[in-house]
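Novice: Kindly generate the corresponding structure for this input.
(chains A, B, C and D)
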Number of protein chains: 4
Amino acid sequence: MAQSAVKKVVLAYSGGLDTSVILKWLQEEYGCEVVTFTADIGQGEELEPARAKAQAAGVKEIYIDDLREEFVRDFVFPMFRANAIYEGEYLLGTSIARPLIAKRLIEIAAETGADAISHGATGKGNDQVRFELGAYALNPEIKIIAPWREWDLLSREKLMAYAEKHGIAVEMKRDGTKSPYSMDANLLHISYEGYDLEDPWVEPGEDMWRWSVSPEQAPDTPRTLELTYEKGDIVAIDGKAMSPAEVLAELNRIGGENGIGRADIVENRYVGMKSRGCYETPGGTIMLKAHRAIESLTLDREAAHLKDELMPRYASLIYNGYWFSPEREMLQAAIDKTQTVVNGVVRLKLYKGNVMVAGRKSETNSLFDSSIATFEEDAGAYDQKDATGFIRLNALRLRVQGRMKQ
Amino acid sequence: MAQSAVKKVVLAYSGGLDTSVILKWLQEEYGCEVVTFTADIGQGEELEPARAKAQAAGVKEIYIDDLREEFVRDFVFPMFRANAIYEGEYLLGTSIARPLIAKRLIEIAAETGADAISHGATGKGNDQVRFELGAYALNPEIKIIAPWREWDLLSREKLMAYAEKHGIAVEMKRDGTKSPYSMDANLLHISYEGYDLEDPWVEPGEDMWRWSVSPEQAPDTPRTLELTYEKGDIVAIDGKAMSPAEVLAELNRIGGENGIGRADIVENRYVGMKSRGCYETPGGTIMLKAHRAIESLTLDREAAHLKDELMPRYASLIYNGYWFSPEREMLQAAIDKTQTVVNGVVRLKLYKGNVMVAGRKSETNSLFDSSIATFEEDAGAYDQKDATGFIRLNALRLRVQGRMKQ
Amino acid sequence: MAQSAVKKVVLAYSGGLDTSVILKWLQEEYGCEVVTFTADIGQGEELEPARAKAQAAGVKEIYIDDLREEFVRDFVFPMFRANAIYEGEYLLGTSIARPLIAKRLIEIAAETGADAISHGATGKGNDQVRFELGAYALNPEIKIIAPWREWDLLSREKLMAYAEKHGIAVEMKRDGTKSPYSMDANLLHISYEGYDLEDPWVEPGEDMWRWSVSPEQAPDTPRTLELTYEKGDIVAIDGKAMSPAEVLAELNRIGGENGIGRADIVENRYVGMKSRGCYETPGGTIMLKAHRAIESLTLDREAAHLKDELMPRYASLIYNGYWFSPEREMLQAAIDKTQTVVNGVVRLKLYKGNVMVAGRKSETNSLFDSSIATFEEDAGAYDQKDATGFIRLNALRLRVQGRMKQ
Amino acid sequence: MAQSAVKKVVLAYSGGLDTSVILKWLQEEYGCEVVTFTADIGQGEELEPARAKAQAAGVKEIYIDDLREEFVRDFVFPMFRANAIYEGEYLLGTSIARPLIAKRLIEIAAETGADAISHGATGKGNDQVRFELGAYALNPEIKIIAPWREWDLLSREKLMAYAEKHGIAVEMKRDGTKSPYSMDANLLHISYEGYDLEDPWVEPGEDMWRWSVSPEQAPDTPRTLELTYEKGDIVAIDGKAMSPAEVLAELNRIGGENGIGRADIVENRYVGMKSRGCYETPGGTIMLKAHRAIESLTLDREAAHLKDELMPRYASLIYNGYWFSPEREMLQAAIDKTQTVVNGVVRLKLYKGNVMVAGRKSETNSLFDSSIATFEEDAGAYDQKDATGFIRLNALRLRVQGRMKQ
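Specialist: Numbering: from 1, shown residues only, chains lettered A, B, ... in the order given. From the prediction side, this is the model:
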């Protein structure tokens, strides 16, 4: 599996400064043909400028794909069936997008006869791992070029200098301002790292956040919402059927308006250090709460508990880049097995950062039986005397031990 | 371990209607002496009326104990070290109080020479299990009388009739009104069950809640708060040292004022049915968020992940009543082992139901090293080239499998 | 779900003393019609005598089914895919047969219009739980009669007296002798409990064991064996294709001849006490060892490790009677997902109680790559320098902690 | 944490060919002073020749330590309290010795003012990881030289040539023959890798094995043995008190005589490939069986099950080199918490490869209560009617689901 000379490389290309420098650098250093691949995964940027830039850089094979539906249907939704959350706080917005990019890079490599892929992730982060594990799993012979681990352009200044030297345009961000933060966005979230976040005692300024208003600035009246679930996935909002990507876009919109989904955390990277990150995940925050609510009504206790016990492992697998692995597929099989009964409607109230469950129902799959749970007489639905035997046998081992101690 | 005639029984006695009826019923049905035990665990009711009522009922041995500090120090705080949360939503407010009551019942039985204990928990709920497992673990020979599983007073009407017949006063609730809900309170939370909550599609009215204002009614300006941690426990608020019970009381007060800690959930009882419950846990909601924040800075990644994987099991053990069990003690030993380094300060912003982390620091135990995490050059703190080997060896098994599939 | 009068009951009937007494007792006490169900699950007893006895007792609907193939194909084989072993020692021979019996009882109840089932398991054991959980899961309205928990025939003497009084023949065991042990057998194993086993310091006599010779008495020369696996199941022995039940019967025969599969253990029952049991599981012991061997060659490391971590839970579920439960089905889905690649051949050497792996190969699915594992130069298959980065990044968190401690 | 010039290095030195070449190579390549460290961890080789060779090579600081008691007391015994076994087969004999060597290397570096350590583990194996993770955890600033990952002596031929060129004696193995296998030994086991083992279908010849006779050649009569446990550790054999290292040495002797403890497995290395290894672990094989037997009598069911669920993780941590990690310490705290009650005696029968439990007892801590487990009437020790409620409440959730399906 040794690396050797490269003939053609597929580059995950955004059209921004970093990947434009990489494009040039690949052409120069490797002397090979570069294929660019630009994906719309809901990051909210126009893609056509990337095409123009790639053409200007002499790229002959340019791929620009709208992957939004595939992203939500095949990656985001399966992950939310698991109620996945990393380290109690992080909804895995960046992590879940990487395997899809890796998959498409490998597909394009096959289509174009490329023997290598390249990406713009740095050598300190998780994303390099996610791209490369995904790529290796799907094509074990692929060569991978990670410029940030090879070149010496390791500071912003050096990168700028290289760009200037090679006539690469250094543009402002999409909204006309230049953020001091390192950001990543897709349909599930936008993330911020670096700059003043490098001190975990410092609170970021309000102007950092881009997708949501603050709870303080959100409307003074709650927004009510009904989500319809089929087999664990949302298929309609307020009764209106929508595709997966439409669902997530709409929940982002509503959630962002109501100050929902901000997180400010210190997390543990797979490569070994702690890092500070801020995230906006409006739709995902709503989906997590709502999915737990519909499961609370329809899912068996022991299945739910087993899911909860497996979830941290599953979340770590995704965080660490093991989407295309036998162990993630094993866990997914177990999770999906439980979701056939997760059907019904959840009513939510959104208000200034809060997602509150205001009701849940399932005509076909509710396991809630008020005739059993009631405090009043239940006409034989449940024999309270059964509890005596239940307790006494569960206590037996504790009593035997208690005797031994005496 | 068979049950037989009872000589003297210690009753967990609140002075309310249910346990007053039980007191009478025990005297009548069992013809035995009754010792009453009334605990202050922060439920916010006066205890002296219970003494007077017990005396009036002819009770000679009356125990009234303030257990608030013991409750928070030995039960609530150890549980929060685990970030325990049941089924993703429930902070175990009722569950964690029961083993302390069981422990005290057994201690009083030993002091008074009683051979039995009794409690007012119904035959459909979790509390009977928690009381009785705790009691059996601590005294395997104790006899347990659970009137709700024995008598035929299974509706509110029958209970009222029995009370009237025996001259037991049926009073209004402490605040002069009579709640239609079944409630339980202690320093950690207040809970509501029954009545219109028996339909999980129905949202309870605002007048149900007693400890907190709604987010809508909370102040329009955020409240900032600094919590100081030592070995995983809060020892000071805004720099002022406090005892465990003082910490929790103060956080309840501040949290309640800011609309924090309401939950409306469907949960799975240990005895087998789903039930709907609403909870107010203002201080606990703050503590969970803050504890995760200080751990995020000070706890090792793998220790944190292992804690997360064990947590659902730990939470179920407490929910199910196994506080005094070898398996809970095993898990506690593992959890406590990790908490020696959990020292530092968390700054929070509370606003209309939201608990937001605004900073965390630890002079002695921070594992966050900005020289490693920085995007800028790090002067050798971390060699980006190491990531290549890291990824390639982690990918090796995936590549070998990929080859086999081809 | 209250119990009431019974019209017709399906009895799990062996024709032996206990179930013959139960048959009579049901007719007398419940005054209802009894349907008998006798299954061949490989216990090695003739079933026709059961038919004659049932007829003699006036039973009109008599079911005698050969369930051996279904037993091994749908219960034993799936369980062995998980490498299930309870408490490190017990191969679950009795446990795995019970859900099949429960399933058939419920099916026959539906066919015959019966409203109840009955079984001969005692009130102290696991089998009552397994029968009844299985039955309730498959038909929540079924009534269950467990005579051992209802009647007063709680000693052998009383049972004998009842039999004599009602003219029920008390016969010797199938081999003409009367064992002092309580025994249970099916294609997977035979078990022994009671009598001198009730002292865990006492070793049972050689004459207790029925299916295997002792290691001392086994042949002095090893027996070599090749097992062919497809998707985790054995499909051929020494190259000869066999059905699931044929495989297990043949492995029992060969294993028993070579002194394989005896276990003498103290186990923890679900109903709360410890009990001593001895087991002979010749074929199962061979299958466990062989399955691990073929997995060692074909299964991914992380899938294998996850299986190992889930296995104790899976084994407990089966032991406790939760075969027909959402959580067992979840785990089975995860396990089965991994077995598509478990194809190949295992060569074993059996010798006086030992099962020794003498080789394993898989033409289609081996992940063993000697060009990578070799100590000699590997022509680039694996770059040893990669290990440096692998170690350094895995060590990073430990180093940061080490610094903090200093 | 960058590597730079080395002043003094502590080398884990056996005196054999490989580490003698490394000693020379370090002196030549790094131009630094070398301190040698040779440990007796029960590998069964004389250490004084290592001293003479080191002196001849010009080494001034020579450490030769007898670490056998520390090895067994602080590493082997704690690991056996967990019933640790990797991938169902491997008793971790090599893995558990590495952290002790790492610890001693770091201690000697501190004593001698060395700034680096070095070892002879190859770049494809697990041992490099174990040495280095241990060393980094104990001294994050230490420099580590792994010659096998740096030099170009990657085949046996090149190594020989280098030795010859530098006048390094190439000796036969201790018993006068030269094994074609790569071997490692300590008090817990001896391992074999390479040569014909690189084909997993090939069975190794009888002359490979060094510590045990084959089952075929073992004595024709069983050997009975009694092991006394205190807090989970063996403190006496056949009533004779022994130190930890004495216990293990004696069990190795007896086990080896009786053909016990051979394993032939394919395992998954942490660095990503599968490898074939053969192991002799006579004493460890006996200890694992015996420890489970004494736990079966004295350990609570749920504690035992939790231990079983955590064990694979614990075993992987040791296999992967994370002995000195917060997560291993967490698990050890949990495990050790359970062992205070693991006291008693186990009687074993050893016969031609078999370790058979022939009895277990504990005067102080047995939880086996024959009055409860008996098939006969138990005079009220256990009320069989309790089982009805136990089953019915455990079945409740299954019944509710069953109804929903109907």
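Novice: List the residues that contact the spatially closest residue to residue A:278 that is not a sequence neighbour.
Specialist: Nearest in space to residue A:278, with sequence neighbours left out and distances taken as CB to CB, 6 or more residues apart in numbering or on different chains, is residue A:192 at 4.3 Å. For glycine as for every other residue, the C-beta is placed from the backbone atoms N, C-alpha and C. Residue A:192 sits next to A:179, A:181-183, A:204, A:208, A:277-279 when contact means CB atoms under 8 Å, 6 or more residues apart in numbering or on different chains.
Novice: try residue A:355
Specialist: Shown in contact with residue A:355 (CB under 8 Å, 6+ apart): A:255, A:260, A:285-286, A:289-290, A:348-349.
Novice: so the residue nearest to residue A:278 sits in a helix?
Specialist: No - the assignment for residue A:192, made by DSSP: H, G, I helix; E, B strand; the rest coil, is strand rather than a helix.
Novice: Is it bridged to anything, and to what?
Specialist: Note on residue A:192: beta-bridge partners by DSSP bridges are residue A:183, residue A:278.
Novice: Following the helix or strand of chain A with the lowest mean pLDDT in sequence, what is the next regular element?
Specialist: Lowest mean confidence among the helices and strands of chain A (mean pLDDT, DSSP states H and E): helix A:370-373, at a mean of 76. Remark: after helix A:370-373, the chain's next helix or strand is helix A:386-405, criterion DSSP states H and E.
Novice: what's the spacing between residue A:160 and residue A:136?
Specialist: Noted for residue A:160: a distance of 32 Å to residue A:136, by CB to CB, to the nearest Å.
Novice: Same check on residue A:216?
Specialist: Applying CB to CB to residue A:216 and residue A:136 gives a distance of 46 Å.
Novice: on that earlier part again, scan the contacts of residue A:192 and report the most crowded one.
Specialist: residue A:279 (27 neighbours; other CB atoms under 10 Å in any protein chain shown).
Novice: pretty sure it contacts residue A:263?
Specialist: Yes - with contacts counted by CB atoms under 8 Å, residue A:279 reaches residue A:263, the gap being 4.6 Å.
Novice: Can you work out which residues contact both of the two?
Specialist: Residues touching both residue A:279 and residue A:263 (CB under 8 Å, 6+ apart): A:90-91.
Novice: Quick one: end-to-end distance for stretch A:74-90.
Specialist: Here the two ends of stretch A:74-90 are set 20 Å apart, with distance taken as CA to CA, to the nearest Å.
Novice: Now do that stretch: distance to the chain's middle.
Specialist: From the chain centre to the centre of stretch A:74-90 is a distance of 7 Å (CA atoms, centre = their mean, to the nearest Å).
Novice: now do stretch A:152-164
Specialist: In terms of CA atoms, centre = their mean, the gap separating the centre of stretch A:152-164 from the centre of its chain is 30 Å.
Novice: Tell me, how many residues neighbour residue A:65?
Specialist: 15.
Novice: Specify the beta-bridge partners of it.
Specialist: In this structure, residue A:65 bridges to residue A:39 when assessed by DSSP bridges.
Novice: Surely it is in contact with residue A:37?
Specialist: Yes - contact criterion CB under 8 Å: residue A:65 and residue A:37 qualify, at 7.4 Å.
Novice: List the residues that are in contact with both of the two.
Specialist: Shared contacts of residue A:65 and residue A:37, defined by CB under 8 Å, 6+ apart, comprise residue A:104.
Novice: which residue does chain A bring closest to chain D?
Specialist: residue A:389 (2.7 Å; CB to the nearest CB).
Novice: so what pLDDT did that residue get?
Specialist: As predicted, residue A:389 sits at a pLDDT of 96.
Novice: circling back: and the residue nearest to residue A:278, how far is that from residue A:120?
Specialist: 17 Å.
Novice: likewise residue A:167?
Specialist: 19 Å.
Novice: Skipping its backbone neighbours, what lies nearest the residue of the stretch 1-150 of chain A found nearest chain B in space?
Specialist: Here the residue of the stretch 1-150 of chain A nearest chain B is residue A:123; by CB to the nearest CB that distance is 2.7 Å. Nearest residue to residue A:123 in three dimensions, chain neighbours excluded: residue B:384, at 2.7 Å (CB to CB, 6+ apart).
Novice: Could you work out the end-to-end span of stretch A:53-63 for me?
Specialist: End-to-end distance for stretch A:53-63: 13 Å, by CA to CA.
Novice: average model confidence for that stretch?
Specialist: pLDDT averaged over stretch A:53-63 gives 97.
Novice: just stretch A:257-274 next, same as before
Specialist: Stretch A:257-274 shows a mean pLDDT of 98.
Novice: swap in stretch A:36-44?
Specialist: For stretch A:36-44, the mean confidence score works out to 96.
Novice: just stretch A:169-186 next, same as before
Specialist: pLDDT averaged over stretch A:169-186 gives 75.
Novice: one step back: show me the contacts for the residue nearest to residue A:123.
Specialist: Residue B:384 neighbours (CB under 8 Å, 6+ apart): A:122-124, A:148-149, A:154.
Novice: Can you turn the buried part of those residues into a ChimeraX selection?
Specialist: Those of the contacts of residue B:384 that count as buried under 16 or more other CB atoms under 10 Å in any protein chain shown are selected in ChimeraX with:
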select /A:122,123,124,148,149,154
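Novice: Narrow the contacts of residue B:384 to those in helices?
Specialist: A:148-149 (DSSP state H).
Novice: and which of the contacts of residue B:384 is nearest residue C:22?
Specialist: residue A:124 (71.4 Å; CB to CB).
Novice: Hmm, that closest one is touching residue A:272, no?
Specialist: No - counting by CB under 8 Å, residue A:124 does not reach residue A:272; the two are 9.4 Å apart.
Novice: Now residue A:384. Its backbone dihedrals?
Specialist: Taking degrees, to the nearest 10, you get phi -60, psi -30 for the backbone angles of residue A:384.
Novice: I'd like to know how far it sits from chain C.
Specialist: Distance, residue A:384 to chain C, by CB to the nearest CB, to the nearest Å: 12 Å.
Novice: Just the pLDDT at that residue, thanks.
Specialist: The predicted local confidence for residue A:384 is 89.
Novice: quick one on the thing from earlier: quick one: is the least confident helix or strand of chain A near chain C?
Specialist: No - judged by CB under 8 Å from any CB of the partner chain, helix A:370-373 makes no contact with chain C; its nearest approach is 8.6 Å.
Novice: got the contact list for the residue most central in space within chain A?
Specialist: Centrality entry for chain A: nearest residue to the mean C-alpha point is residue A:93, 2.6 Å, by CA atoms, centre = their mean. Residue A:93 is in contact with A:186, A:188-191, A:279, A:281, A:284, counting by CB under 8 Å, 6+ apart.
Novice: Same list, those, but only the ones touching chain D.
Specialist: With CB under 8 Å from any CB as the criterion, those include none near chain D.
Novice: With distance to residue C:41 as added columns, please give these in a markdown table.
Specialist: Output for the contacts of residue A:93, formatted as a markdown table (distance: CB to CB, whole Å):
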| residue | distance to residue C:41 |
| --- | --- |
| A:186 | 55 |
| A:188 | 51 |
| A:189 | 55 |
| A:190 | 60 |
| A:191 | 58 |
| A:279 | 56 |
| A:281 | 53 |
| A:284 | 50 |
